[in-house]
Each structure stands twice: as structure tokens, then as C-alpha cells.
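[1] 3D, please:
(chains A, B, C and D)
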Number of protein chains: 4
Amino acid sequence: MLAIGVDIGGTKIAAGAVDEDGRILASTRRRTPATDVPLILEAVADAVEELSRDREIGAVGVGAAGFVGADRSTIVFAANLAWRDCPFGAQLAERIGLPVVVENDANAAGWAEFRFGAARGARDMMMLTVGTGLGGALVLDGRLVRGSAGFAGEVAHMNVVPEGQWCGCGRRGCLEQYTSGRALVRMARHRALAADPLLSPLLEEAGGVPKEIDGPTITRLAQQGDPGCAALLAELGRWLGFGAASIAAVLDPEVFVIGGGVGDAGELLLAPARDSFAASLVARGHRPLAPFVRASTGDRAGMIGAADLARSEP
Amino acid sequence: MLAIGVDIGGTKIAAGAVDEDGRILASTRRRTPATDVPLILEAVADAVEELSRDREIGAVGVGAAGFVGADRSTIVFAANLAWRDCPFGAQLAERIGLPVVVENDANAAGWAEFRFGAARGARDMMMLTVGTGLGGALVLDGRLVRGSAGFAGEVAHMNVVPEGQWCGCGRRGCLEQYTSGRALVRMARHRALAADPLLSPLLEEAGGVPKEIDGPTITRLAQQGDPGCAALLAELGRWLGFGAASIAAVLDPEVFVIGGGVGDAGELLLAPARDSFAASLVARGHRPLAPFVRASTGDRAGMIGAADLARSEP
Amino acid sequence: MLAIGVDIGGTKIAAGAVDEDGRILASTRRRTPATDVPLILEAVADAVEELSRDREIGAVGVGAAGFVGADRSTIVFAANLAWRDCPFGAQLAERIGLPVVVENDANAAGWAEFRFGAARGARDMMMLTVGTGLGGALVLDGRLVRGSAGFAGEVAHMNVVPEGQWCGCGRRGCLEQYTSGRALVRMARHRALAADPLLSPLLEEAGGVPKEIDGPTITRLAQQGDPGCAALLAELGRWLGFGAASIAAVLDPEVFVIGGGVGDAGELLLAPARDSFAASLVARGHRPLAPFVRASTGDRAGMIGAADLARSEP
Amino acid sequence: MLAIGVDIGGTKIAAGAVDEDGRILASTRRRTPATDVPLILEAVADAVEELSRDREIGAVGVGAAGFVGADRSTIVFAANLAWRDCPFGAQLAERIGLPVVVENDANAAGWAEFRFGAARGARDMMMLTVGTGLGGALVLDGRLVRGSAGFAGEVAHMNVVPEGQWCGCGRRGCLEQYTSGRALVRMARHRALAADPLLSPLLEEAGGVPKEIDGPTITRLAQQGDPGCAALLAELGRWLGFGAASIAAVLDPEVFVIGGGVGDAGELLLAPARDSFAASLVARGHRPLAPFVRASTGDRAGMIGAADLARSEP
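    Residues are numbered from 1 along each chain as shown, chains lettered A, B, ... in the order given. Predicted structure coming up:
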């Protein structure tokens, strides 16, 4: 059975017809009309119709940033898009005449890694997506954990530093403020401001202006061997491993999959994360250390995972 | 079908024949010969045989402090008892001729609360046992979460304070160092030492000697209305709610069940825990707040839960 | 002997002729031409000349935000004004033909409190100015402590939370990020964002928009008895007392003087500061507790103190 | 003029006749009768009389662990000796017929470094004595800072980690819990317990028993190139530099002198301290970095400093 996966991002909507092996047979995209939910619904319906024209489609899965209710239809709220308590799934189902499930986008991407990617063959998995923010997806015993209200997997808002950095969620010390693309850039800009000599090459690259420092430049310099930029990624990795150790204390997952744009820094991020995880994990020496592996499904993980969840957990 | 539940504690072994409704039909106990595993095995076997004499027993569940392997037989290590990588379940099964499963004692107690106690009827549950230390048990979708190596539920060793109080596990800042009976007494003794005027009545009760302060006295005075002792329990509760909020960010459980000897302080602990949980939880205002309820199964929760796990998840 | 005190702020320059008892006999003001040091010098010179016309002036003291060198002439750098390593005092002296000393503005204000205000009669004093930021001035044995490079008194940048809130200085966890007007407003906005029910009245006052919350409104509501706003000021006070306790461990000053716009909240800030100071101070019970008193010299403390320092410590 | 310096330690009393250049012309020692103040007074008087027999002595300075009052006579309290609010100086003066001043032992040692040792020629100095605990002595403008109650210099009890390690003073997060011999050993034992592979050589040296790890072994192995032990000292050094940066924010001293038994590890401690100081100091890049130098006066610093303070600040 084919299913369509739709990934609604802040700027574009990507949709694809996905088969049972996670292969994308056809895909299309639309701009995201961010300010208006009916327009988003129209754009998604339009994309679904395009992909349904020549194929038998059994279900549609939608991945969206934000908190998705336990009904797998309602988008409760989101930081960057217009919806509040919006029964998007039910509306879309009515509009297109197909069964629809809505999932948090990090959950959808995590599911793709679990089924077809880096965690294929595992039974438990924690995926941590280090992009601009920090996303999480949890699979236990082969099932995606959604939580009682649908809000599971929000590792971004575990508290790691009491009285720490304020978070956009209104509380302080959230893990996302210590390990995410935003945290990386903020750390770099402040250290440059404080005249950290290790960051001279990065600052120079940014024309001497701390505010001009951006994430891709940090990763690029680090990959070219710049020790200051490598140290920034290593600090991000340390926090990632530190947070993962608290997760492992409670959940003891088999494997950690690291995705997202910052995750593309690869071993520059993962090696310090593993060290920090080992140092921070209870009963080290008496237990296997869960491996940290890079996500392998790429940009289209959200689309693939959403489609597969719609098909396999209707 | 009847099952026997065995709870191996630091000083005594309690065993009971438990029916499918969690009722104890008969029980017995032995001293724990803590220094010698073969002697523990003999004592458990002896207790099982006594309870099996007049009854048809289908299975035996053993709850033990310590890390229990994913095979539900091996006790990997424990802080207070003599075993290291000991295949206790297999040895006991051979000795008594009945199927045996071994479970972590906090998991066993949590399961009893889930099936027969405070969380009956829920689908998800996190139990936090605030005794001398801090125990945890996690049920998701009606199933006990054991983790890939069998080590799930160790909430005691989530990190809540980077560079915080050293823990017996060899790392610093573990939640158990902030919310447990040991943490309560340590806090009281230090504040008394620092001449905190709020603690004068407690210090007087201890004969003016900070080292003589103990936990039950704190709870008793708090229940009698002493504001200093109430403040100590409130601080413990705040950490409990703070840790629970990080758990909820990842797992979004339906209910928190609070057990253990310190948990007996009831609302003196639970009310501040709820406040702190609400203040520390992401997306408050957009989600239901998981209730905090007291465990209701009592001292015999470990025995009942171990028996039921042996029966229902053989 | 009369001296002129000049207070260079971000928006205006205030100058006054001050006698030996700290009385202002005449005063004038100019706009601060923030972007251009020669223009600032002209404006100051002009104000000095106006005040010198009918009086015998012995010295000029200039208080300026920023780091002032040990030569008491060079403004090394400042966050909000244009100078970097600028020999302002020497230039002004040459321009006006009078002896000039330059002081950090918080030092100048602190000196006024020590000589003529809340700490008159004390031998040691620590002044903490809780305005938009946090300033400090230290007097030991009757002398203003300037430090080996002229940078003493920067209590704003004591670290109080490792891995805490990033500071404009490029490091994290500085006291100023926890106790200052900016910290107050940030805390209020985030808590409102997190739907803290205690902050509903404040949020309503701000038209329901967290970003519209400002400091004066918080103080006003707190003074009218609003518990949420009082709690915000109390938290600021707790950090103030906590920081002061670390200062007292090292310096053991006789008195703390609290100034600045947030300091105007009075006991709403000072009472929790005293409690926190007592709870955080080593050897409490074996030592007198330094009192926390409000600054009494008002807006013109910087002008008066600068004049007096120029006269008494030429 | 000759003065006698007396250093009252937990196990022995050392006394010496000291000339104006800080040279010890003669010395003697007694056991410390720790439980009985009159016996301590007798022992000190006896030592003073021995040294006075053949010499003209102008004054006696006594250095003692503990909080010494502003009268420079009263020992207010001490952790390890029997006195509480004891007018030791006055009693001794009456007994021996010579002027006596009592000083905190860290202050006395710091004064010796300032006058005759590593800080000779400086105007300001902060000495940090990293022994079993952490001591401090502060000199500003050539004068020892004693504080309003006599309690200045207690850097041990600056708070560096809110909610951190409990301290013997009854509060948590004191600097001494992060940088002192006791902190070093505790860290080593816990990390060994947590099976940190870097600490295998150290653990082996301690016979495989974490509790047998001691400080001198750590320093010895570190000096022999063991990376695990070097890392332990480096972490101590990082906290030392971190605490020093907060001190420098307030006081801006010219030089930091590092003494004490752990200080003997030299660059293994000092190099990371310097790095951490530079990274943690406000306005780095706009100010000179105070050097960190080792104390040079040795074991007898307390004796020499006490004598000199009695002579030069009677």
C-alpha cells in the first residue's frame, strides 16, 4: 500500500508518495502560506491530489512542527506557524477523502530512522535532532511513544541547568539552550565578544563582527581543522551526551540517532557526545553503552516517516 | 493462577502468595543473609516452599534492589547486597522447579500501583519512590518499561545540577541527592549547623546535635505544624516536581505516583511537588497537568508487583 | 573649596558645583552627543565653564559609565558610549585648565553615599546599584577601592551561576543577569510567556503582550500589593543577597547600600535580600550581619561623588 | 626590632623570633593540646619565653586557624580547635607581658608572601592557599584587609555553584568544595568509583579501593605524567581560576599568590587556573591579566607573617 507523507515546514511544504520500503516514488512541493491555516490546508490538499492522480493511495501522514494532540489530528500549538488547537487532520481528511494522521515532525523523522534508517533493526531508539532547535523522537518496543497528551519526545525542554539560560518556552535551563544550532551561534558570538583568542579565525571570517557569525561557517571551519570552531561543536556535543545520559537513566534505549543540520558536523559533534555520555551515565562499566549514530535518511525523513506512520499505525 | 512474590530487602526477605486481584493469601519472611548469595537463595527457596505447600503456584517473581539484566534473571550489581552478575533467577528456578522472573524492586512496586493501586485504570504511569534513596518505575501503554539492558526507570541518576552534590554512583548532581530521605536529612543537618533559626525546634528535638537529626522526626514535626520542617519537605518536593517535569517533557505520562517512606509525608511533599512541576513543565497552559497521587499499595507493593509480573509477563 | 562634578550618562550630561558638605550650589545639563568623543568633551567643557563663571573652582570630577583606567583619566571602554582607550581626563584638563579626575560612575555614586549619604560614618561599605544593569562601589578603611587597573567594584560580573544566562560581556552566569532591571523584565516576560498564573495581572496591564512588560509597571503593581510582581522583586532580592554573601565572605564590609532605579522598590527588594544574605553567609550566628540600607543621595549622587573625589583624592 | 611569630596548628605549635627582613633567627615548637585552651596558652607562653631568653622582643604575633575578631585578640570560633569567643590575645599578653596580636593563619601567611615572598613589591595581592581546605588573604594598597568584623579573606565560602556540594559550614556550593585538597580527593574517589578509565592507574596505586586514594598520590602520579591525575589537578585549577575571576571582578588585584600543599603541584594546577581565569574574567582584552604565582615563603609563612604583623601593625 502506498501512503503520502507531507512535511509542513516554516517555508515549504514537501509531499511524497512513499511505498512500504520507505522509497519515495514521486514528490512535489508548495510554499508554506504561514499566516493562514485554511491556505495551508489548501496547499496540502493540492499536493496530495497531485500525487494521488496516478496512484492508489491508502493514507496520508502529515508531519508538522509543534505540539500534536493525542488524537493525531489536532495541532495544539506551534511556535512558528499560525495554528492553535486546530483539528488539521480531521479537516484535511474531510477535504481529501482519505484517512489522515498528523504527527510531530521530529517524531515523523525519528520513525523514518527507526524503520528505514540508522536504527533499522533496533527495538528501542532515541532520536535527537540538532537543527536550529532540538527535536526528539522516542521508540520503545517498536512503537513510537506519543505520551498521554501526545507531547512525548520534547527533549528540548528537559531542564539541564537550574537557573540557566532563558528559553523561548518561558522557563530557564532547557537542554535546547545548550545543544542546538541557536545555542551554537549564541555561544560563538559571546565568546568572540569576550575576545576568546581561539575564536579569532571565526571572527575574522565574520568580518570582525560577532553578530555576523553563523552556524554553517562554524561547521565549515571546524571541518577544516580550526580548533576554536571544533571546541564550540565539542561543547555542544558534551551537552548532547550529558542530556542523553539523563534520558538513558530513565529509558535505557538501545541506540541514539543524531540528526539535524548541526548533526551533519558528524564526529566533531558525536565523538564528544559519546565521551560525555559515558562519563555522565550511571552504572557505566556494568552496562553496554548505547551507540551514537548519525541519521541516514536525510532531508526527506519527515515525509517518509509521516507516510509510514499513517500506513502502519492508522 | 497464584504466584509467589518475593521482596528481598537489605534486612529481611518477605514472600507472599498473591492472587490475580493482587490479594495476598499467605505470607512469610526470613532474615536477609546479606553477605552470601547462596544463603540468600536458600532463604528465598525455603520461603517459597513454605508458601507452596498447600497451594498450586504457577510462577515466582522476585523483586530485588539493584540493576537487573534484560534477561530478568541476572542481578548485575547492587549497592548494598553481595551480588555481581549473578544469575539469581535461573539458579532459583532450578532449585525450586518453578518459573522465576527477577525484577528491580522499584519496578515491582510500581507495577503493583499500576495494576492494583493508585494508578489503576491509567495507561501510562511514572512512579517515584522517595525512600532512603529514590526509585522509579515506568509504565507506558500498559507495559513496564525495562529498557534495552534492563536498566530503565533509574530516575535517581538523572542529572539535575551540573557540578552538584556528589552521588554514591560516582557522578555529581543526581536527582537522588536532591530528593530522597538521605537528601532530606543531609539538608536538615547542614542547615542546623549553619544556625538557620527556622530549624531551632528540630535541632532542639535532636538534643542540640545536628548529627542526631533523622528523617522521621522531620516528618513528625512538619505534620505537627513546624514551619522549618515543613520547609525542608517542601524543598524536597520542589526537586521532585522539577525532576518530574523533565521526565514529562520526554515521556508525557498520564500520572505520577509518589511512594516510599518520605512519600508518607503526603501533601507536605506533594503540594510543593505539584507547584514546582507546573512551573517547570513545558507548554503548561496547553496541556493537562499529570496529577501527583500517593501510592496506595503500602509496604507489600514489591511483593504483589513481583508476583503479578511473574504471572502476567512470564 | 568648590569642585565641579560631572555625570556623563547615555542621554544627558549633568554638572554641578559642589561644596565640601556635598551640597550642590548650582547645576546645569547638556545632551550627550553619544557617537562622538570630541563633542562630548566640548559639551562637558561648556558646562564646566558655565559653572565656573561666578565661582572659584578647585577641581573637576567626571563620572562615566565604563571601565576607567588606574590613571583616573583614561576611559578604557564602555558598552554604550563611543570611547575606547580615550585619555578623556587629560584632554579635558588641558581644555579647561583645571585638574580633572575621571571615575567610574558607580564608584562616584558610591562615594557620595559613603561621604554624605546612607553610609556616612561607616569605615567600610559596599554599594550595589540596581538600575538597568548592576553597578558596584567599594570603600575599605575610608578609601575608594579602585583596583590595580582601575577596574574594581565590577560586581555585575561576578559569576553566580556556572553555565547560566549569557551576559553582554561575553561570558555566562554574571550576577547582573540575575539582579538588575534588565533581569527583572526578562524574568517577568518569560514567566508571562509560560502562563504563570501569578503574573496574570501584570500581563493584563501589558495588554496581554509579554514583550510590553516593563520594569516600572512591575514595581508599581508590587507596591500596590500584587503578589506576582512582589515575587519577581523578591527573586531579584534573593540574588542580590546571595551575591552580597559572596562579597562579604571575601571583604566583610560594614554595610551594604542599595541604590538604583530598581532599588527604589525599597523593602520589596531589600527584605528578601537580607534573608538571602543571612542564609548564604558563612559563620552566620558568629558575626554581625551587615545591614542593607537604601541609598539616600538620589539622582545626583554621581555628580556629588565625582566632585568630592576630585577634591579629596586629587 | 625583633618579633616572635607563633603558628598554632591542629597538631603542633611553631614559634620563631623574626627580624625585620623576615628572617627567622631562632625557632621552637610544642605539641598542640587541642582540647584545652588554657593548655594551649601555656604552651605558647612557654615557647615565647624560650625564645625571649636571649633576645629583646618587641611584640608577639599569633596565627591561628579560625575566625579572629576585629580586636585582633579574640578567636571567635574555629572548626578544629576548642575555642569559642576566646580573648586569647589579651590573655597571652597578660601572661607574658608583651604586646600580642592574633591573626587568622591564612592572613598571616599571606602577609609573609606580600612582605617577603612571591608578592614582594606589589601593592595589591590576593593569596589563595590550597591545602586540605582553602584559605585566603587579601592585601589592598599595602594593607591587610581584615573586614569590619575581622572576617575578610574567607574565599573558601564564596558561593560558586548554587545548589552545589554541601560544605562543612552548613551551606552548599562553597568554592572550597571545588578547589581544595579535600575536594581533590573526593573527586578522585568518586570518579574511580564510577569506573572512569582515566583513573585506572591511580586506582591501582590505591590497591583497587577508591577510599584509599589520597592527595599526595594524585600529585605524584600527575607529576610523573599520568593524564588522569593531571586532569584532576586541572579541574581543581579551573575552579581556582573561576573563583579568582569573580574576586578580580570586585577587587582587581595586581597578583594572585597560590600556596598550600596542593599548590605545590605547581604548573599542573596553575596553568589551568590561568586559562580559566582569563576565560572567566570580565573585560579580558581590555586589561592586564593578574599573574598567578606560587607562594615562595614555605611552611614558615604563618610564623613570619604573624611576627611581622605584630611589629608593623601593632
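[2] pLDDT score assigned to A:His286?
    Note for A:His286: predicted pLDDT of 87.
[3] wait, A:Met187
    For A:Met187, pLDDT reads 98.
[4] what about the residue nearest to it when sequence neighbours are not counted, is that helix, strand or coil?
    Computed as Cβ to Cβ, 6 or more residues apart in numbering or on different chains, the closest residue to A:Met187 that is not its neighbour in sequence is A:Leu232, at 6.0 Å. Placement of C-beta: from N, CA and C, glycine included. Secondary structure for A:Leu232, judged by DSSP: H, G, I helix; E, B strand; the rest coil, is helix.
[5] likewise the one 4 residues further on?
    The three-state label for A:Leu236, taken from three-state DSSP, comes out as helix.
[6] That one: how many residues sit nearby?
    Using other Cβ atoms under 10 Å in any protein chain shown, A:Leu236 has 25 other residues around it.
[7] what does the one 5 residues further on give?
    A:Gly241 is flanked by 26 other residues according to other Cβ under 10 Å.
[8] average model confidence for the helix or strand where A:Phe242 lies?
    Assigned by DSSP states H and E, A:Phe242 falls within helix A:227-251. For helix A:227-251, the mean per-residue pLDDT is 98.
[9] for stretch A:101-116, same thing?
    The average pLDDT within stretch A:101-116 is 97.
[10] what's the answer for stretch A:78-96, then?
    On average, stretch A:78-96 scores 87.
[11] Look at that stretch and report the distance between its end residues.
    From its first residue to its last, stretch A:78-96 covers 24 Å (Cα to Cα, to the nearest Å).
[12] to the chain's geometric centre, what's the distance from that stretch?
    20 Å (Cα atoms, centre = their mean, to the nearest Å).
[13] which regions of the stretch 1-150 of chain A lie under the pLDDT threshold?
    Across the stretch 1-150 of chain A, residues meeting the criterion (pLDDT under 70) sit at A:80.
[14] Can you show me the strands along it?
    A:2-8, A:12-18, A:24-31, A:57-64, A:67-68, A:75-77, A:84-86, A:100-104, A:125-130, A:134-140, A:143-144 (DSSP state E, counting those that start in this stretch).
[15] just to revisit the earlier point, contacts only, for the residue nearest to A:Met187.
    Contact analysis of A:Leu232 by Cβ atoms under 8 Å, 6 or more residues apart in numbering or on different chains lists A:184, A:187-188, A:191, A:199, A:218, A:222.
[16] Verify the stated contact: A:Gly237 with A:Gly266.
    No. If you go by Cβ atoms under 8 Å, A:Gly237 and A:Gly266 don't touch, sitting 10.5 Å apart.
[17] Might one say that A:Val145 is in contact with A:Leu138?
    Yes. In this structure, A:Val145 is within contact of A:Leu138 by Cβ under 8 Å, at 4.3 Å.
[18] Now for the two: what residues contact both?
    A:152-153, B:251.
[19] Please indicate which of those are buried?
    Neighbour-count burial within those applies to A:152-153, B:251; the criterion is 16 or more other Cβ atoms under 10 Å in any protein chain shown.
[20] Present those as TSV; the columns should include distance to C:Arg311.
    Formatted as TSV, those follow (distance: Cβ to Cβ, whole Å):
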residue	distance to C:Arg311
A:Ala152	68
A:Gly153	67
B:Leu251	67
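[21] Which one of the residues you listed is nearest to B:Asp46?
    B:Leu251 (40.1 Å; Cβ to Cβ).
[22] returning to that earlier point: which one of A:Val145 and A:Leu138 has more residues nearby?
    It is A:Leu138, of A:Val145 and A:Leu138, that has more neighbours when counted by other Cβ under 10 Å, with 28 against 23.
[23] do you know how far that one is from chain C?
    Distance from A:Leu138 to chain C, counting by Cβ to the nearest Cβ, to the nearest Å: 24 Å.
[24] if I look at that residue, how far off is A:Ala244?
    Counting by Cβ to Cβ, to the nearest Å, the gap from A:Leu138 to A:Ala244 is 12 Å.
[25] Which helix or which strand is home to A:Leu221?
    helix A:215-223.
[26] Give the other helices and strands that that helix contacts.
    Applying 3 or more Cβ pairs under 8 Å, 6 or more residues apart in numbering or on different chains; DSSP states H and E, we find helix A:215-223 packed against helix A:181-193, helix A:200-205, helix A:227-251, helix A:267-280.
[27] Contact residues of chain A facing chain D?
    A:162-163, A:194-196, A:279, A:284-285 (Cβ under 8 Å from any Cβ of the partner chain).
[28] Among those, which lie within helices?
    If you go by DSSP state H, the residues of chain A next to chain D have A:Ala279 in helices.
[29] CSV for the residues of chain A next to chain D, including distance to A:Arg294 and neighbour count?
    Formatted as CSV, the residues of chain A next to chain D follow (distance: Cβ to Cβ, whole Å; neighbours: other Cβ atoms under 10 Å in any protein chain shown):
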residue, distance to A:Arg294, neighbour count
A:Pro162, 31, 21
A:Glu163, 33, 20
A:Ala194, 32, 23
A:Ala195, 34, 15
A:Asp196, 29, 22
A:Ala279, 21, 19
A:Arg284, 23, 19
A:Gly285, 26, 14
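[30] neighbours of A:Arg220, just the number please.
    15.
[31] what does the one 10 residues further on give?
    Using other Cβ under 10 Å, A:Ala230 has 21 neighbouring residues.
[32] What's the local residue count around the residue nearest to it when sequence neighbours are not counted?
    Closest residue to A:Ala230 apart from its sequence neighbours, by Cβ to Cβ, 6+ apart: A:Ala222 at 4.5 Å. Burial measure for A:Ala222: 22 neighbouring residues, criterion other Cβ under 10 Å.
[33] The one 4 residues further on now?
    Residue neighbour count, defined by other Cβ under 10 Å, stands at 20 for A:Asp226.
[34] one step back: and the residue nearest to A:Met187, how far from A:Thr219?
    Distance from A:Leu232 to A:Thr219, by Cβ to Cβ: 9 Å.
[35] Quick check: can you list the domain ranges of chain A?
    A:2-111+A:300-312, A:123-296 (automatic domain parsing).
[36] what about these, which gets the closest to D:Val76?
    domain A:123-296 (32.8 Å).
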